[in-house]
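# Okay, here's the prediction I keep looking at, along with the sequence it came from:
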Amino acid sequence: MQEIIEALDQLEKEKGISKDLIMEAIEKSLNSACEKDFGKDTECSVHMDRETGEIKVFAKKLVVEEVYDSRSEMTLEQARQIDPNYNLDDEVPIEITTRDFGRIAAQKARGIIVQAIKEGERDAVFSHFVNKEKDIITGVVQRYVGNNLSVSLDDRTDTLLNEKEMIPGEYYRRGDRIKLYVVEVKKSQKGFRIVVSRTHPDLVKRLFEREVTEIADGIVEIKSISREAGSRSKIAVYSHDENVDAVGSCVGMNGARVNAIVDDLYGEKIDIIEWDPDPAVFIEHALSPSKVVSVTIGPDGKSALVVVPDYQLSLAIGKEGQNARLAARLTGFKIDIKSETQAAEMDMDAYYAENYGEEEYEEYYDDEEYSEDAEADGEYVEESAEDVEAVEAAEEAEATEDTEEADAAEETEEAAGESGETEDEE
């Protein structure tokens, strides 16, 4: 029996199938063999020792006066030969061996064991890939199946990379090794299905986590990602250590780290952006490589008006609007980009009323402190406490100067009057 245990240990090591699972299958198969040989009415019990592998099979027989079915019944005399204390209607466990089973019963038992091994192997593979869910695996290209791609994940498992999950423009040849993002592992009627992708934004995230040790250690955090697979991605990073440069860590020495990821993505461009808690600053960074003159967050807190130099407008928007689109996804803001000339010609009252409604616009600005003089000119300039103090000091100085000038003029007039009176007297 020790050979059985050694074989099960080897099977568990090579196939990843639980030894206990196979032992339970053996017990089940022997129960099935008992039913085949002795009938379903016969109550059997099977136990396999987990340490030694010894198997004991018992079939219970009912003690009766007259035997009609020898497979499930026995006389009182036969029972008392085993134990003198047995009486009529007692159940006597009779040990039997596998040699007692018929050929058909043995074949059925063998089939159950083989099926259990297959199920155990499938469950082991399923458990392995469930642990890889939301992570990266490496596959080897096998062949095209229509417009989909068959990829081997290991010597036991293949999956299909759907056409929609392929990066546009990439071409794969048999034997190519490609990195895939495991979107989902789910069971089906035929076993289980592994859903993989090359276009998922988290593929870029996982590649950076593998390549950049500061991200793996938690020093640098990936805040958000926006991606148009095969063309360009933007990734916002933030350092929890002021001595560590988040962007520099991701780029690596001479761009080694980011270039390794670009190679895995077959040349896809990657913009690494420094995340900032101030949404205006974050939006400015997100529109890189374009320069930004100003960013004004809208009253709804979900949109922003961005002003860029006239010669940078096309760069800020990007080819077919890609740069602006990726920046909007990265920041979560609806971004409206204007050139300096366009902004200067805009009627801000009409712009905000059109985009946010007059009531929300007025309520938003009523909550702020603005200069009355600037408001009269149609300009909204927020005043700080220092600005107010400076204005008051200037007004006070101006008033003092006016008073002094008035006093001086009055003294001059008095002096001139006195001089006139003196001349008249003479």
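Yep, it's here.
# buried ones in stretch 231-249?
231, 232, 233, 234, 235, 236, 237, 238, 239, 246, 247, 249 (16 or more other CB atoms under 10 Å). Any C-beta I mention is one placed from the backbone N, CA and C, and that applies to glycine too.
# so what pLDDT did residue 37 get?
You'll see residue 37 listed with a pLDDT of 65.
# sorry, back to before: residue 141: which of the buried residues of stretch 231-249 is nearest?
Using CB to CB, residue 231 comes nearest to residue 141 of the buried residues of stretch 231-249, at 22.2 Å.
# Was I right to think that closest one contacts residue 270?
No. With contacts counted by CB atoms under 8 Å, residue 231 stays clear of residue 270, the gap being 10.7 Å.
# now stretch 350-361: mean pLDDT?
67.
# so where do the strands sit in the stretch 101-250 of the chain?
Secondary structure of the stretch 101-250 of the chain (DSSP state E, counting those that start in this stretch): strands at 136-145, 148-152, 158-161, 177-188, 191-197, 220-228, 232-239.
# Figure out which of the ones you listed is closest to residue 299.
For the strands of the stretch 101-250 of the chain, proximity to residue 299 was assessed by CB to CB; strand 220-228 is nearest, at 23.4 Å.
# quick one: strands adjacent to the closest one?
Strands that pair with strand 220-228, judged by DSSP bridges, come out as strand 232-239 (antiparallel).
# Now do the partner strand: everything it contacts.
201, 204-205, 208, 214-215, 219-227, 245-247, 249-250, 265, 268-275, 282, 285-286, 322, 326-327, 329-331 (CB atoms under 8 Å, 6 or more residues apart in numbering).
# re the thing from before, between the strands of the stretch 101-250 of the chain, which gets nearest to residue 23?
Each of the strands of the stretch 101-250 of the chain was scored for nearness to residue 23 using CB to CB, and the closest is strand 191-197 (23.2 Å).
# in that closest one, what's buried?
194, 195, 196, 197.
# And the third one, what's its pLDDT?
So the one you mean is residue 196. Per-residue confidence (pLDDT) for residue 196: 94.
# Pull the contacting residues for it.
Residue 196 touches 137, 139, 151, 159, 161, 165, 180, 181, 182, 183, counting by CB under 8 Å, 6+ apart.
# Return the member of the residues you listed nearest to residue 131.
Relative to residue 131, the closest of the contacts of residue 196 is residue 182; by CB to CB it sits at 9.7 Å.
# quick one: residue 173 and residue 143 touch, right?
No. Contact criterion CB under 8 Å: residue 173 and residue 143 do not qualify, at 10.0 Å.
# what about those two, which has more around it?
Taking neighbours as other CB atoms under 10 Å, residue 173 and residue 143 compare with residue 143 leading, 12 against 7.
# Residue 152 versus the more buried one, what's the distance?
Computed as CB to CB, to the nearest Å, the residue 143 to residue 152 distance reads 10 Å.
# Low-confidence ranges, the stretch 301-426 of the chain, go.
Residues of the stretch 301-426 of the chain meeting the criterion pLDDT under 70: 357-426.
# repeat that with 50
Residue ranges of the stretch 301-426 of the chain with pLDDT under 50: 361, 363-392, 394, 399, 406, 409, 412-426.
# Quick one: residues in contact with stretch 61-70.
Everything outside stretch 61-70 that qualifies as a contact, by CB under 8 Å, 6+ apart, is 39, 72-76, 79, 86-92, 94.
# can you put the strands of the stretch 101-250 of the chain in JSON lines and add distance to residue 35?
Shown next, in JSON lines, are those (distance: least, CB to CB, whole Å):
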{"stretch": "strand 136-145", "distance to residue 35": "44"}
{"stretch": "strand 148-152", "distance to residue 35": "42"}
{"stretch": "strand 158-161", "distance to residue 35": "38"}
{"stretch": "strand 177-188", "distance to residue 35": "30"}
{"stretch": "strand 191-197", "distance to residue 35": "28"}
{"stretch": "strand 220-228", "distance to residue 35": "59"}
{"stretch": "strand 232-239", "distance to residue 35": "62"}
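# Out of those strands, which is the most enclosed?
strand 232-239 (a mean of 22; mean count of other CB atoms under 10 Å).
# Correct me if wrong: residue 208 contacts residue 215.
Yes. With contacts counted by CB under 8 Å, residue 208 reaches residue 215, the gap being 5.7 Å.
# Compare the two (neighbour count), which wins?
The neighbour count for residue 208 versus residue 215, taken as other CB under 10 Å, is higher for residue 208 (24 against 20).
# so what's that one up against?
Counting by CB under 8 Å, 6+ apart, residue 208 has contacts 215, 222, 235, 250, 261.
# Which residue ranges of the stretch 201-350 of the chain form helices?
With DSSP state H, counting those that start in this stretch, the ranges of helices along the stretch 201-350 of the chain come out as 201-211, 213-216, 246-251, 256-264, 279-286, 313-317, 322-331, 340-345, 348-356.
# Could you export those helices to TSV, including columns for distance to residue 147?
Formatted as TSV, the helices of the stretch 201-350 of the chain follow (distance: least, CB to CB, whole Å):
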stretch	distance to residue 147
helix 201-211	20
helix 213-216	35
helix 246-251	34
helix 256-264	23
helix 279-286	35
helix 313-317	33
helix 322-331	25
helix 340-345	44
helix 348-356	43
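# so residue 54 makes contact with residue 48?
Yes. Using CB under 8 Å, residue 54 makes contact with residue 48 at a distance of 7.3 Å.
# Those two: who's more crowded?
Set side by side, residue 54 and residue 48 show more neighbours around residue 48, with 21 against 13, by other CB under 10 Å.
# Quick check, that one in contact with residue 31.
No. Assessed by CB under 8 Å, residue 48 is found out of contact with residue 31, at 11.3 Å.
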